[in-house]
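J.: fold the following.
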Amino acid sequence: MTTLEFRNVVKRYKVRGAGRSNELLAVNDVSFTLESGKTIALVGQSGSGKSTIAKLLLQLERPSSGQILLDGRPIRHRGKGLRDYRHQVQMVFQDPFASLNPYHTIAHHLARPLRLHGRARTRDQLEAGVARLLERVRLTPTGEYANKHPHELSGGQRQRVAIARALAPEPTMLIADEPVSMLDVSIRLGVLNLLAGLQREENLGVLYITHDLATARHFSDEILVMYKGQIVERGPADDVILHPQHEYTKLLAAAAPNPELRLQQLAGA
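T.: Sure thing, here's the model as predicted:
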């Protein structure tokens, strides 16, 4: 079992303005452990620190203090240690159109990480690897999609390509930062079901970053609620949603759509 641990992590940014320098505390003493085969939802409003945590996990930012550990070992910030870490931990970005280069084909987007991470070397291996990745995200027939460009696909299809690219290095952990917020409501469920299926089938650990408590409840084992850079509540998904303890969580839960309650209200009308 692979574990990715955030241990007492703090992230401060220096903010300059009006001739003086101040500090912004974006992440304040946050700790959690993500295990392979589990999904944790990190929930909170914009500015709560969720995306900063994603950047820290991807080593796009360094903690001001605290540690990030993979299987109990602190991660290295450069060289082979960082490359090995990025084999294991991959990202699905929020906007698939922005994260895919419009000048390159889908095959190019998928072949490049296969080559960089040593998963395929020859042309035949690359073609087979691209086809396999497209199959894993349910984009078939694969030949129909491989030679297209991102603008020729729908938003949901582009996000499936982004997920396939994240799977190319054969990671054990996926960081999914608002992976459906840029998609039409009608296709969000399909992408979330795909992520949930991959998590079960491939024993992935998934950190699902979202502001949507309704999807967090249905697609995660545990929920962490962030407010002003801190984890203010955590627990099993149903417990956090149905029996919130913190006032901020109560506000989030009250704002989330509840189709079951709506059906009960219609039945009683």
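J.: the strands in this structure, which residues?
T.: Shown for the chain, the strands assigned by DSSP state E span residues 3-17, 20-35, 39-43, 65-70, 73-74, 89-92, 173-177, 205-210, 222-227, 230-236.
J.: in JSON lines: these, plus mean pLDDT and mean neighbour count.
T.: Quick note: C-beta positions are derived from backbone N, CA and C, even for glycine. Output for the strands of the chain, formatted as JSON lines (pLDDT from 0 to 100; neighbours: other CB atoms under 10 Å):
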{"stretch": "strand 3-17", "mean pLDDT": "91", "mean neighbour count": "15"}
{"stretch": "strand 20-35", "mean pLDDT": "90", "mean neighbour count": "16"}
{"stretch": "strand 39-43", "mean pLDDT": "96", "mean neighbour count": "26"}
{"stretch": "strand 65-70", "mean pLDDT": "94", "mean neighbour count": "16"}
{"stretch": "strand 73-74", "mean pLDDT": "91", "mean neighbour count": "12"}
{"stretch": "strand 89-92", "mean pLDDT": "94", "mean neighbour count": "24"}
{"stretch": "strand 173-177", "mean pLDDT": "94", "mean neighbour count": "24"}
{"stretch": "strand 205-210", "mean pLDDT": "95", "mean neighbour count": "25"}
{"stretch": "strand 222-227", "mean pLDDT": "96", "mean neighbour count": "24"}
{"stretch": "strand 230-236", "mean pLDDT": "95", "mean neighbour count": "17"}
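J.: output these in TSV; the columns should cover distance to Ala166.
T.: Conversion of the strands of the chain to TSV gives the following (distance: least, CB to CB, whole Å):
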stretch	distance to Ala166
strand 3-17	15
strand 20-35	15
strand 39-43	15
strand 65-70	17
strand 73-74	23
strand 89-92	4
strand 173-177	6
strand 205-210	11
strand 222-227	21
strand 230-236	25
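J.: so for Thr140, which of those strands sits nearest?
T.: Each of the strands of the chain has some distance to Thr140 by CB to CB; the shortest is strand 89-92, at 20.1 Å.
J.: with that, I have no additional questions.
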